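Chemist: okay, sequence plus prediction incoming.
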Amino acid sequence: RHGRSVIGILPQWWSPPERREMGRGSEGKPVRSTTGQRSQEEIKAPKMVQDVDEELEGETTPKASATEDDVAIPAFTLNGDSSPQQAKQRVLPQSAATSLSHDIPKRVEPSSRTSTPSSAPGGKGLMPPPARPASMLPPSSTSSLRIPSNGPLPNRGIPANSQQRVSSLSPNGAVATPNARGKVLLAPGHSPMDWAALTRKGNLSGVGTFQRVTPSQLKSMTGRKGKPAWSSWQGKVYNITPYIPFHPGGEAEIMKAAGRDGTKLFMEVHPWVNWENMLGTCLVGVMVPESYGGNTASATESLEDID
Ligand code: HEM
C-alpha cells in the first residue's frame, strides 16, 4: 500500500511490478490500478504504457481486494511502548504467524513485552526488579570483618568530644588511641613506610665500629641523661633510639626494653614482628660477658676473638 509513494523516487525507466502486471489482466487484457487515479509516476511512466492506459479508458476491471481484511500488520517496536491491549491486537492469525515466524526474533518474548508496564518512565526497557528487604539478605561471611558504621573506629583517631586529645599527646607527637591492641597514632612522617625509607639511607647504630657490649654497659644505655637507648635481642645489641618515634606501640612501651634484654618483652607482645629485619641498620654489636675486658674492640677484632 505504501509502495506507491516510494515509486516516485525511482528512476523513470523503472516500472513497478504492479504496472507490469497491469498490461495483462486475467484474460490477458491490460488493466488499471485499483484506485483508478493517476499518480505522479503514472504521468512519468514511459509513453508506450501511457498510450495503453488511454486506450483502455472507461473499461472496467475486477478490483482486487484483500482476502483477509482483519489481518493486522504485525508491529514491532523497540521502545517497549506496547500495552497489553495493543499486544493483543497484534496477534497474528495462525497461518500468518506460521509464515512469519522466521522473521520474528526469537529472543523477543511476547509475554515479556506485555508484562512491560506502559506507564514506566520513558517507556523504555524493563523495570529493574524491586530491591530485596534488608532482612532477607543472606548474612555475608565477611560481615564480621567490616568496619562498623557506628561507634568509635579502631585506630582511626580519637572521637571529637574526647578529653584524651590533648592529654595523650606524647613528646614525639604519637597519640594513644582507644583500641584493644594498644597501638598509637604515629606522628606524620613516622609510618612504617617512613621507617623503611630511613633505614635504606644508611647506618643508624650511632657507633662507628662494631661493639662488644658488657651487661653493665648495656644497663647504662637507657636513653636518658643524653645516652642512647640500647636493647639486646638474642645476644645482639641494637640502638633503638631512632626507632622510638616510629614504634606503633608507642614510646613508653618500647622504652621498657631500653638498657636491657628486650627479647622476652618483645616476644610477649608481638612475636610475629621481625626485630632483626626492622632494626638491622641499628645493630651496635654483640653481648659479651662482663669479665670480657675491653669494650671498644672493632668488629674484626671481636669476630677474630670469637674464632
Ligand atoms: C625494640 C624493638 C621493637 C620493635 C622493632 C617493635 C616493633 C613493633 C611493631 C612493628 C609493631 C606493630 C605490630 C603490628 O602492627 O602487628 C609494634 C607494636 C607494639 N609494640 Fe613493639 N616493637 C619493639 C619493642 C617493643 C617492646 C619492648 C614492647 C613492650 C614492652 C612493645 C610493645 C608494643 C605494643 C604494645 C604494640 C602495639 C600492639 C601490637 O601491635 O600488638 N614493643 N611494635
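Modeler: Sure thing, it's come through.
Chemist: how about the residues of this structure near the ligand?
Modeler: Applying CB under 6 Å from any ligand atom, one finds that the chain approaches the ligand through 181-183, 231, 240, 243, 247-249, 253-254, 256-257, 262, 265-266, 269-270, 273, 275, 278-279. (C-beta placed from N, C-alpha, C; glycine too.)
Chemist: which of those are buried?
Modeler: For the residues of the chain next to the ligand, a neighbour count by 16 or more other CB atoms under 10 Å gives the buried set as 183, 231, 240, 243, 247-249, 253-254, 257, 262, 266, 269, 275, 278-279.
Chemist: where does the protein dip in pLDDT?
Modeler: Applying pLDDT under 70 to the chain picks out residues 1-8, 10-60, 65-72, 74, 77, 79-125, 132-180, 293-307.
Chemist: which residue does it have closest to the ligand?
Modeler: G249 (2.4 Å; CB to the nearest ligand atom).
Chemist: show me what contacts that residue?
Modeler: 182-184, 269-270 (CB atoms under 8 Å, 6 or more residues apart in numbering).
Chemist: could you do D194 as well?
Modeler: Residues near D194 by CB under 8 Å, 6+ apart: F246.
Chemist: would it count as being in a helix?
Modeler: Yes - under DSSP: H, G, I helix; E, B strand; the rest coil, D194 sits within a helix.
Chemist: domain parsing for the protein?
Modeler: Annotated domains of the chain cover 3-55, 74-115, 192-306 [automatic domain parsing].
Chemist: wait, what's in contact with K219?
Modeler: K219 neighbours (CB under 8 Å, 6+ apart): 259-260.
Chemist: next, the distance between the ends of stretch 260-277.
Modeler: End-to-end span of stretch 260-277 (CA to CA, to the nearest Å): 20 Å.
Chemist: one more: stretch 242-258?
Modeler: Using CA to CA, the end-to-end distance of stretch 242-258 comes to 12 Å.
Chemist: now S191: closest residue in space, sequence neighbours ignored.
Modeler: F246 (7.8 Å; CB to CB, 6 or more residues apart in numbering).
Chemist: once you drop chain neighbours, what's closest to G262?
Modeler: S231 (4.0 Å).
Chemist: three-state assignment of the one you found?
Modeler: From three-state DSSP, the assignment for S231 is strand.
Chemist: that one against Y243, yeah?
Modeler: No - S231 is beyond contact range of Y243, at 9.8 Å (criterion: CB atoms under 8 Å).
Chemist: sorry, back to before: quick one: which two of the buried ones among the residues of the chain next to the ligand are the most distant?
Modeler: K183 and S231 (19.9 Å; CB to CB).
Chemist: export the contacts of G249 to JSON lines and append columns for secondary structure.
Modeler: Below are these laid out as JSON lines (three-state DSSP):
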{"residue": "G182", "secondary structure": "coil"}
{"residue": "K183", "secondary structure": "coil"}
{"residue": "V184", "secondary structure": "strand"}
{"residue": "V269", "secondary structure": "helix"}
{"residue": "H270", "secondary structure": "coil"}
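Chemist: return the member of these nearest to L218.
Modeler: Once CB to CB is applied, the member of the contacts of G249 that ends up nearest L218 is V269, at 20.3 Å.
Chemist: check contacts around that closest one.
Modeler: Applying CB under 8 Å, 6+ apart, the residues contacting V269 are 249, 253.
Chemist: from L204, how far out is it?
Modeler: To L204, V269 is 22 Å away according to CB to CB, to the nearest Å.
Chemist: likewise for V286?
Modeler: Distance from V286 to L204, by CB to CB: 17 Å.
Chemist: again with P62
Modeler: Taken as CB to CB, the span from P62 to L204 is 111 Å.
Chemist: in terms of neighbours, single out the busier of those two.
Modeler: The residue with more neighbours, out of P62 and L204, is L204; 19 against 9, by other CB atoms under 10 Å.
Chemist: the more buried one belongs to a strand?
Modeler: No - counting by three-state DSSP, L204 is not part of a strand but coil.
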